[in-house]
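> Starting from these lines, generate the structure:
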Amino acid sequence: MIPIRYLAPLGLLLVVPVLTACNKAPQEYEDTQLIFGTLVETTLYDVDETTAEHAFTALREDFEYLHFIWHPWQPGPLARTNELLALGAEFSVNPSVLPVIERSRELSPASGYLYNPAIGKLLDLWGFHSDDLPKGPPPDAQAITALVEQNPTVDDIEIHGIRLKSTNPAVKLDVGAMAKGLAIDWELAELKDMGISNAVINAGGDLKVLGRHGDRPWRVGIRDPRAPGVLATVDVQDGESVFTSGDYERYYEYQGKRYHHILDPRTGYPADKSQSVTVIHPDAAVADAAATALFVAGPDEWYAIAKKMDLHYVLLIDAQGRIHMNPAMAERLRFLQPHETILLSEPL
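Numbers count the residues shown, from 1 in each chain. As a prediction, the model looks like this:
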């Protein structure tokens, strides 16, 4: 998602971890930091400067800590957890990683395991566990098949209090498709506890809101996956989150073909039936995981997964650029240009 007031490309925004006041509304403050490999922008509306400064300091510290404990390949508690899971013996886990593992054990089965945080070894194989994008040809097909056949899932992890054990040596956790949502949920709750009623936390276009922007809801834009700018806008209500997964987020091209980081756990290859999926949901962790799962599901399977995950607002753009959505989502979106290829599902 792109806040409709900020239509400049995200890559042009500066990381300025200091308090700034917007010109249009003196009581509105913004702070931006680079976390989770993306820009996280917090906007507070109708607060005083002291409250805003306190809130931004707390959020910076929290996000930096969550980035450290949940990072999939840099040294930290999750990386250490993966090392110990590979040994097959029971061990005491750092409690900081338990919430994201336990939440994954709820959401992954609900998604038909299309959100599968246990496929870290596949992501390793493709070269996506690096700050630099991979280059050259795809991995060896036999190596991909070997990992897929081991079928690692979060169900292979046994949890007994703070003791963990993996029954599948192929399990390696990468919670990147849900951790950002969970972090935003937690930090919005913290802002609410501080007495802040109107705010947005936007992590690279994925966001959740509190309250309103003055006399109107917070309005954001949904990115066009194949053209610069915004495809449609939506008014986001208090407590809602809006998350998008797309093949334009982290990818490389080889011999004219795009290879992106959203892998289909069933094949081991980048899912190729969607360009992007947007989900609106009160729970940002659900929206985050669901956007990934529905992207993998594609136009033929998204509806069944959406019903299973109890979703109510879904927009999917398939590989041919056709727009699929349920009627409730259609009522909320305002497209900037007319589209003849809009396919409505039955109500969810």
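
> Identify the residue nearest the one residue sitting closest to the centre of the chain in space, chain neighbours excluded?
Nearest residue to the geometric centre of the chain (C-alpha atoms, centre = their mean): residue 288, 4.0 Å. Nearest residue to residue 288, sequence neighbours excluded (C-beta to C-beta, 6 or more residues apart in numbering): residue 181, at 3.0 Å. Using the backbone N, CA and C atoms, a C-beta is placed for each residue, glycine as well.

> Going by secondary structure, the one you found is in what exactly?
In the assignment (DSSP states H and E), residue 181 maps to helix 179-193.

> Please name every helix or strand in contact with that helix.
Applying 3 or more C-beta pairs under 8 Å, 6 or more residues apart in numbering; DSSP states H and E, one finds that helix 179-193 makes contact with strand 38-45, helix 49-70, helix 98-110, strand 199-203, strand 206-210, strand 241-246, helix 284-308.

> If you count neighbours, what's buried in the second one?
It refers to helix 49-70. By neighbour count on 16 or more other C-beta atoms under 10 Å, the buried set for helix 49-70 is 51, 52, 55, 56, 59, 60, 63, 66, 67, 69, 70.

> residues in contact with that helix?
Contacting residues not belonging to helix 49-70 are listed as 17, 19, 21, 29, 31, 33, 35-36, 40, 42, 44, 47, 74, 76-78, 94, 96-97, 100, 175, 179, 183, 186-187, 190-191, 194-196, 201 [C-beta atoms under 8 Å, 6 or more residues apart in numbering].

> From those, keep the buried residues only.
Using 16+ other C-beta under 10 Å as the burial test, the contacts of helix 49-70 include 29, 31, 33, 35-36, 40, 42, 44, 47, 76-78, 96-97, 100, 175, 179, 183, 187, 191, 196, 201 as buried.

> Flag the shaky bits of this structure, pLDDT-wise.
Where the chain drops to pLDDT under 70, the residues are 1-26.

> sorry, back to before: now render the buried residues of helix 49-70 as JSON lines, adding distance to residue 336.
Below are those laid out as JSON lines (distance: C-beta to C-beta, whole Å):
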{"residue": "51", "distance to residue 336": "35"}
{"residue": "52", "distance to residue 336": "32"}
{"residue": "55", "distance to residue 336": "33"}
{"residue": "56", "distance to residue 336": "32"}
{"residue": "59", "distance to residue 336": "32"}
{"residue": "60", "distance to residue 336": "34"}
{"residue": "63", "distance to residue 336": "32"}
{"residue": "66", "distance to residue 336": "34"}
{"residue": "67", "distance to residue 336": "34"}
{"residue": "69", "distance to residue 336": "40"}
{"residue": "70", "distance to residue 336": "35"}
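
> just curious, which of those is nearest to residue 214?
For the buried residues of helix 49-70, the residue nearest residue 214 by C-beta to C-beta is residue 52; the value is 16.2 Å.

> Residue 124 contacts residue 172, correct?
Yes: using C-beta atoms under 8 Å, residue 124 is in contact with residue 172, at 7.0 Å.

> When those two are compared, which one has more neighbours?
A side-by-side neighbour count of residue 124 and residue 172, using other C-beta atoms under 10 Å, places residue 172 first with 26 against 17.

> Report the beta-bridge partners for that one.
In this entry, residue 172 is beta-bridged to residue 119, by DSSP bridges.

> and it, what does it touch?
With contact taken as C-beta under 8 Å, 6+ apart, residue 172 is in contact with 82, 85, 86, 118, 119, 120, 121, 124, 152.

> any chance you could read off phi and psi for residue 158?
With angles defined as degrees, to the nearest 10, residue 158 sits at phi -90, psi 130.

> so it sits right up against residue 105, yeah?
No: when contacts are counted by C-beta under 8 Å, residue 158 is not listed as touching residue 105 (10.6 Å).

> who has more neighbours, those two?
Per other C-beta under 10 Å, whichever of residue 158 and residue 105 has more neighbours is residue 105, with 15 against 11.

> That one: what's its closest spatial neighbour, skipping adjacent residues?
residue 154 is the one closest to residue 105 (C-beta to C-beta, 6+ apart), at 4.8 Å.

> That neighbour: neighbour count?
Residue 154 has 24 neighbours, counted by other C-beta under 10 Å.

> try residue 231
Residue 231 - counted by other C-beta under 10 Å - has 22 other residues nearby.

> coming back round to it: how much space separates the residue nearest to residue 288 from residue 201?
As judged by C-beta to C-beta, to the nearest Å, residue 181 and residue 201 stand 11 Å apart.

> Could you list which residues are in contact with residue 125?
139, 143, 144, 147.

> Then residue 147?
By C-beta under 8 Å, 6+ apart, the contact list for residue 147 reads 119, 121, 122, 125, 170, 268.

> Residue 323 against residue 342, yeah?
Yes: if you go by C-beta under 8 Å, residue 323 and residue 342 touch, sitting 4.7 Å apart.

> Quick check on those two: which one has the bigger neighbour count.
Neighbour count, other C-beta under 10 Å: between residue 323 and residue 342, residue 323 has more, with 21 against 14.

> who's in contact with the more buried one?
The contact partners of residue 323, by C-beta under 8 Å, 6+ apart, come to 315, 316, 317, 339, 341, 342, 343.

> out of these, which are buried?
Using 16+ other C-beta under 10 Å as the burial test, those include 315, 316, 317 as buried.
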